[in-house]
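*Asks:* can't give you the sequence, but here's the structure:
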């Protein structure tokens, strides 16, 4: 949950002008890291390190056993409630509704536990995105055989479109923006890192 919220909040501003700090997609016309291959692996390295940072902070600040216990209890109650609703068991619904206030408190506690590490990791992550990574890497750092822009409009473009190919930011259609490559790398590695560090939100 924390990872998804962080990445979504970051992505909102990545291709715009945030307080005058950037113009257009993040990246540099003359990056310190040259070439697609070094850039691809360099950004993947940053994505792994930042995910590890998030996981370490989460382990330090969140009681994982308590969080897992709350999640199991709330999900079991939700499952029972849905089952009673589908079967139109009024008696069971009334019984479960008596625990609504208690479950609301548990959900609030779970949100607070998840927000605590986010308050620490969010600011460093944004600073790294705007002041560390852009000078290091070009605007686009990978090639995709197809467009990855599954969301209509320019709000969340992962790859360059034919209209934006200008030889400065994009050289080819479907070039992958540097921040998008980080985004995809983070998604790929976050689950593995959360499993290894035992900070996963998965109850299975």
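*Replies:* Here it is on my side, so go on. Fair warning: this is a prediction, and the values are worked out from it, not measured in the lab.
*Asks:* For this structure, just list every one of the helices.
*Replies:* Counting by DSSP state H, one finds helices in the chain at the ranges 2-13, 36-61, 64-86, 90-97, 100-127, 133-136, 178-196.
*Asks:* which of the ones you listed sits most buried?
*Replies:* Comparing these by mean neighbour count (mean count of other CB atoms under 10 Å), helix 178-196 ranks first with a mean of 19. Every C-beta, even on glycine, is put in place using the N, C-alpha and C of the backbone.
*Asks:* one step back: quick one: the helices of the chain as CSV, columns for distance to residue 27 and mean pLDDT too.
*Replies:* Listed next are the helices of the chain as CSV, based on distance: least, CB to CB, whole Å; pLDDT from 0 to 100:
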stretch, distance to residue 27, mean pLDDT
helix 2-13, 14, 46
helix 36-61, 10, 93
helix 64-86, 37, 90
helix 90-97, 52, 86
helix 100-127, 16, 89
helix 133-136, 6, 93
helix 178-196, 5, 90
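*Asks:* In JSON lines: those helices, plus distance to residue 161.
*Replies:* Converted to JSON lines, the helices of the chain look like this (distance: least, CB to CB, whole Å):
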{"stretch": "helix 2-13", "distance to residue 161": "17"}
{"stretch": "helix 36-61", "distance to residue 161": "19"}
{"stretch": "helix 64-86", "distance to residue 161": "41"}
{"stretch": "helix 90-97", "distance to residue 161": "50"}
{"stretch": "helix 100-127", "distance to residue 161": "26"}
{"stretch": "helix 133-136", "distance to residue 161": "21"}
{"stretch": "helix 178-196", "distance to residue 161": "13"}
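*Asks:* got the contact list for the nearest residue to residue 186 once chain neighbours are set aside?
*Replies:* Nearest residue to residue 186, sequence neighbours excluded (CB to CB, 6 or more residues apart in numbering): residue 47, at 4.4 Å. If a contact means CB atoms under 8 Å, 6 or more residues apart in numbering, then residue 47 has 182, 185, 186, 189 as its contacts.
*Asks:* can you redo those as TSV with distance to residue 159?
*Replies:* Listed next are the contacts of residue 47 as TSV, based on distance: CB to CB, whole Å:
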residue	distance to residue 159
182	14
185	15
186	17
189	20
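*Asks:* Residue 52: which of those is nearest?
*Replies:* Nearest to residue 52 among the contacts of residue 47 is residue 189, at 9.2 Å by CB to CB.
*Asks:* So that closest one sits against residue 50, correct?
*Replies:* No - in this structure, residue 189 is not within contact of residue 50 by CB atoms under 8 Å, at 9.8 Å.
*Asks:* thinking again about what came up before, can you tell which of the helices of the chain is closest to residue 164?
*Replies:* Proximity to residue 164 (CB to CB) singles out helix 178-196 among the helices of the chain, at 13.2 Å.
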